[in-house]
Every structure is written in C-alpha cells, then in structure tokens.
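Q: mind folding the following:
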Amino acid sequence: MLKELTVKECDVLLNIFSPFLLGVFQRLEKLKVTDCASLEEVFQLQVQGLDIEETYEVHSQLREVNLVRLPKLKHVWTKHRKGNISFENLQDVFILECGSLKTLFPFSIAKALHQLERLRINRCGLEQIVSKSVEDSDEREICFAFNQLSFLRLWYLPNLTCLYPGMHRTTWPALKQLKISGCGRIKIFGHEESEIPHPLFVIEKV
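A: The predicted structure follows:
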C-alpha cells in the first residue's frame with residue numbers, strides 16, 4: 001500500500017527497483033531520489049540480458065518522479081519492448097543534475113505518456129529525450145501524443161539534439177508554458193518542408 005518513497009544519500013545503491021520488486025510497489029504514486037552517488041538505474045527491467053516482461057505484468061500508479069543530483073545515473077528505465085510494463089499514469093517528471101543520463105524515456109514508455117502534465121529537465125547530459133526503438137524503421141512514422149502536457153522546461157542541456165532520433169510527429173494541444181535555455185544543439189521550430197532534422201515543434205502544428 002506504500003504510496004510515497006524518498007531515497008536520499010544512499011551512496012552504495014546501484015538501482016532502486018529490481019525487476020522482482022516492481023510488482024510489490026505497484027501502488028506507489030510519488031518517488032523522490034536525491035544525492036545517491038553510485039546510482040545507475042532507477043527501474044531495472046533487465047537482468048543479465050533477460051527481459052522480465054515475458055513473465056511480469058506491471059501497471060504502475062506512479063504519478064510523480066523527482067531525480068536530483070545523481071551523477072552516475074545512466075537509465076531511469078532500462079529499455080524494453082513489450083507492453084507488459086506501463087507507467088501511463090505519470091503526471092510530473094523532474095530531473096536535475098544527472099550528468100551521465102543520455103536519454104530519459106524508452107520508446108515503449110514515451111508512447112503512452114498521455115497523462116503527463118509537467119516535464120522539467122535541468123542541467124543533465126541528455127542527448128535525446130526518448131531513445132530509439134529497436135522496432136522503429138525510417139519508413140514508419142511514429143506519433144508521440146502529449147495530450148495533457150501544459151508545462152515543458154528544458155534548462156541547460158548542452159548535448160540535447162532532439163526529442164526522438166527517428167521519424168516522428170508530436171502533438172502538444174495543452175501546452176501553455178515552454179521554457180528552453182542553454183540547449184544550443186536542439187532545433188526548436190521547423191516546418192514540414194524544411195531540411196532541419198527532428199525539430200521539437202513543427203510550426204504548422206503549433
């Protein structure tokens with residue numbers, strides 16, 4: 001029945017949720033992880049190359065995630081392909097000073113973020129917000145529908161180049177506040193006929 005979990009200054013911890021604990025914490029709604037010097041993964045979805053989705057089905061109630069000053073964090077979620085594990089109730093994600101984090105969402109999680117309302121990423125090593133799907137091909141266009149997202153802040157992400165590296169479309173019908181600073185490599189606006197690869201917003205759709 002645990003709904004809120006705070007993990008702070010656990011410097012030996014490598015991951016928070018091993019695969020066998022995901023089902024135990026299905027009712028968790030709020031997670032905050034701060035100042036864990038060795039943490040590499042939050043949700044470990046693979047063990048020795050084996051995908052746990054073949055035997056586990058988890059529909060997380062997690063609504064809020066705060067990850068702060070985790071210098072060795074490489075994955076919030078390890079990549080996974082099937083739909084047995086979902087985090088579709090996420091509403092608020094805040095990431096601060098995670099220098100080793102290159103991507104935030106695996107493709108399989110990002111395509112179901114229909115409830116996400118606030119996304120704030122500050123001072124991280126992020127290169128892409130969503131990692132490339134192993135099932136993706138350049139011929140198949142993908143749509144990310146951020147139908148509830150009203151607040152987006154990308155703050156001092158010097159390595160960020162795109163939302164997603166493959167062919168894709170995005171919809172942001174509820175967006176009210178957009179704050180971007182110190183993200184010199186990302187193209188914020190483009191149009192459908194432009195040669196700008198993977199702009200964050202297509203002008204015709206804004």
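
Q: in this structure, what spans have low per-residue confidence?
A: Along the chain, segments meeting pLDDT under 70 span 46-57, 79-84, 134-140, 190-197, 202-206.

Q: just the helices in it please.
A: All helices of the chain, identified by DSSP state H, fall at 107-110.

Q: quick check, central residue of it?
A: Phe105 (2.8 Å; C-alpha atoms, centre = their mean).

Q: what's near enough to touch it?
A: Listed by C-beta atoms under 8 Å, 6 or more residues apart in numbering, the contact set of Phe105 reads 76-77, 113, 129-131. Glycine gets a C-beta too; all of them are placed from N, C-alpha and C.

Q: could you rerun that using 7 Å?
A: 129-130 (C-beta atoms under 7 Å, 6 or more residues apart in numbering).

Q: kindly provide the distance from it to Cys143.
A: 15 Å (C-beta to C-beta, to the nearest Å).

Q: can you check Pro173 too?
A: Here Pro173 is placed at a distance of 13 Å from Cys143 (C-beta to C-beta).

Q: swap in Phe43?
A: According to C-beta to C-beta, Phe43 stands 24 Å off from Cys143.

Q: compare those two (neighbour count), which wins?
A: Taking other C-beta atoms under 10 Å, Phe43 and Cys143 do not tie; Phe43 has more neighbours (26 against 9).

Q: so in terms of bridging, what pairs with the more buried one?
A: On the basis of DSSP bridges, Phe43 is bridged to Phe17, Trp77.

Q: so it sits against Trp77, correct?
A: Yes - with contact taken as C-beta atoms under 7 Å, Phe43 and Trp77 are classed as touching, separated by 4.7 Å.
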